[in-house]
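Novice: Pasting the sequence and the predicted model now:
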Amino acid sequence: MQTVKMVISGAVNAGKTEFIRSISEIEVVSTERRATDDTRMIKKETTVAMDFGRIAIGPDLVLHLFGTPGQKRFDFMWEILSEGMLGLVILVDSTRPETFRETNRIIDFFISYRDTAYVIAANKQDRPNAWSPEELRLALRQPPHIKVLPCVASDRESVKNVLLELLYVIQERSEE
Amino acid sequence: MALEGNIRDFGLSDFLYLVDRGDKTGGLYLSRGQETALLFFERGKLVMAVRRPEDQQPDLLVRLGLLTESQLARARASLAARGNGATLTEVILAENLAPREQLQGALQSFSEEAVYGLFGWPEGEFRFEHNQRPDPAAPTIPSPISVDHLIMEGSRRIDELGRIKDRIPSTDLVVRFLDQPGVRIKGIKLSTEEWRVIARINGRDTLAEIAQKTNLKEFDVCRIVYGFLTAGLVEVVKKPVPMPLARGGPVETSRVKRSLVNRIISRIKGM
């Protein structure tokens, strides 16, 4: 059985758990704990280890989806999770500009050492105060060739679209 | 839809960059305690900036010595007669009530100083209203000014290490020019120290090495590079380290078989 891995990352409360939950075929394995630090102000429970989802591609191939912990103190996990990944989805809470710097730090981390295929998912586009994907591109200082996609992590079709767009990026870079 | 936030989290220079590169038109409202500011942009350029509500009024032109009371009254009457689309500034120029250079110089300086003062705000709520324009009778700058220029000058006035550290966390980072910096960057004027630093940017030297070679303090180099970075001229990256070739190690995207990717695409599409 061959497995391939995609990583879903982003700042605290960007919507990583919900994103994986929307598309995974299995109940998402999530080690959520009651938040005890500053994240408590944002959500009651936050991901302190990782989320894990799974999609069977065929009898011999499985896609694993890993959500990274959002808090800085779990940075060490990112490197472990990023080993051997096929691609990366960076989720951004489009309604909270205070998380954009942290999002940039996460992007820098993942792309500084590896030639990583990634897309940015501008989550919570269904909220009235959401920044548009094009505004997010400028705020995050992403070049025009990086896809910044509208997303609602609770909506399966929206999540599918983000994964497909990432796969098209990977497809372009793949070999015959 | 308005863009809202706090400049503590998303700095003024970051917002100005967004306005510039996004060719935004609209009004930016800022407030911190009792202090307020209002900036108007037209297609990414600044047309007016005021720190007090009364400075949006045409009387500002009299207070700045650009017009007499009677000239202003004449201009306002003409504006009322012209109606749709005209602005007070256009009327003043069309009727030669003040020389263009004088009007440009005075209103530009006034607005620039209003903006530079905002770079010292450690925090403050902002709200950007898309496509909002100043009142036609407001004292707007005849030729809107480049935001890049404001970012560079504003950055020169930043002396808070914390804010710089947000973008430049370490002096071990390498500075390199962006492949395609904004075309508007060409108009930026640099100080002698800034030229010394820019001449040393080669994509290999770290900030610490640049400081050593220019005999500048590391903090000064960081502050200068922060300005270049904020204006979208350069980027800072980690110094590349040779990656060990691990057996059975990570699968690099470029080595993935297309047939495998196609299978995953088909599966996701069918979900």
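Specialist: On my side now, so go ahead.

Novice: who's in contact with B:Val115?
Specialist: Neighbour list for B:Val115: B:39, B:46, B:49, B:150, B:154 [criterion: CB atoms under 8 Å, 6 or more residues apart in numbering or on different chains]. Where C-beta positions appear, they are placed from N, C-alpha and C, glycine not excepted.

Novice: got a list of what the last one touches?
Specialist: It stands for B:Gly154. Contacts of B:Gly154 (CB under 8 Å, 6+ apart): B:12-13, B:16, B:115-116, B:118-119.

Novice: In ChimeraX, select just the buried ones from the residues you listed.
Specialist: Command for ChimeraX, covering only those of the contacts of B:Gly154 found buried under the criterion 16 or more other CB atoms under 10 Å in any protein chain shown:
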select /B:12,13,16,115,118,119
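
Novice: For stretch A:157-170, which residues meet the burial criterion?
Specialist: So stretch A:157-170, judged by 16+ other CB under 10 Å, has buried residues A:158-164, A:166-167, A:169-170.

Novice: my bad, should have said stretch B:66-76
Specialist: Neighbour-count burial for stretch B:66-76 flags B:66-67, B:71-72, B:74-75 (criterion: 16+ other CB under 10 Å).

Novice: Identify the residues contacting it?
Specialist: B:58-59, B:61-62, B:88, B:91-92, B:95, B:97-98, B:102-103, B:106-107, B:137.

Novice: Got a quick PyMOL command for the buried subset of those residues?
Specialist: The following PyMOL line selects those of these that are buried, judged by 16+ other CB under 10 Å:
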select buried, chain B and resi 58+61+62+88+91+92+97+98+103+106+107+137
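
Novice: So B:Glu54 versus B:Ser70, what's the distance?
Specialist: 21 Å (CB to CB, to the nearest Å).

Novice: hang on, I meant B:Asp9
Specialist: From B:Asp9 to B:Ser70 the distance is 48 Å (CB to CB).

Novice: Just the helices from the stretch 101-250 of chain B, written as ranges.
Specialist: B:147-156, B:161-167, B:192-199, B:207-214, B:218-230 (DSSP state H, counting those that start in this stretch).

Novice: Can I get the first one in PDB, CA atoms only?
Specialist: Meaning helix B:147-156. Only the C-alpha atoms of helix B:147-156 are listed here, as PDB (Å, rounded to 0.1, in the frame of the first residue of the first chain):
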ATOM      1  CA  VAL B 147       2.600  55.400  -1.600                       C
ATOM      2  CA  ASP B 148       6.000  53.800  -2.100                       C
ATOM      3  CA  HIS B 149       7.600  57.100  -1.200                       C
ATOM      4  CA  LEU B 150       5.500  57.300   1.900                       C
ATOM      5  CA  ILE B 151       6.400  53.800   3.000                       C
ATOM      6  CA  MET B 152      10.100  54.400   2.600                       C
ATOM      7  CA  GLU B 153      10.000  57.700   4.500                       C
ATOM      8  CA  GLY B 154       7.700  56.300   7.200                       C
ATOM      9  CA  SER B 155      10.000  53.300   7.700                       C
ATOM     10  CA  ARG B 156      12.900  55.700   8.200                       C
END
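
Novice: Of all residues in chain B, which one is nearest the centre?
Specialist: In chain B, the residue lying closest to the centroid (CA atoms, centre = their mean) is B:Leu16, at 3.0 Å.

Novice: show me what contacts that residue?
Specialist: By CB under 8 Å, 6+ apart, B:Leu16 lies in contact with B:147, B:150-151, B:154.

Novice: tell me which helix or strand of chain A sits lowest on mean pLDDT?
Specialist: Least confident helix or strand, chain A: strand A:29-34 with a mean of 56, by mean pLDDT, DSSP states H and E.

Novice: State the mean pLDDT of the lengthiest helix in chain A.
Specialist: If you go by DSSP state H, chain A has its longest helix at helix A:156-173. Helix A:156-173 carries an average pLDDT of 96.

Novice: Relative to chain B, how far out is A:Gln2?
Specialist: 8 Å (CB to the nearest CB, to the nearest Å).

Novice: Tell me which residues touch the closest residue to that residue other than its chain neighbours, please.
Specialist: The shortest distance from A:Gln2 to any non-neighbouring residue, by CB to CB, 6 or more residues apart in numbering or on different chains, is to A:Leu61 (5.0 Å). Residues in contact with A:Leu61 (CB under 8 Å, 6+ apart) are A:1-4, B:260, B:263-264.

Novice: who's A:Leu61 bridged to?
Specialist: In this entry, A:Leu61 is beta-bridged to A:Gln2, A:Gly58, by DSSP bridges.

Novice: Much appreciated, bye for now.
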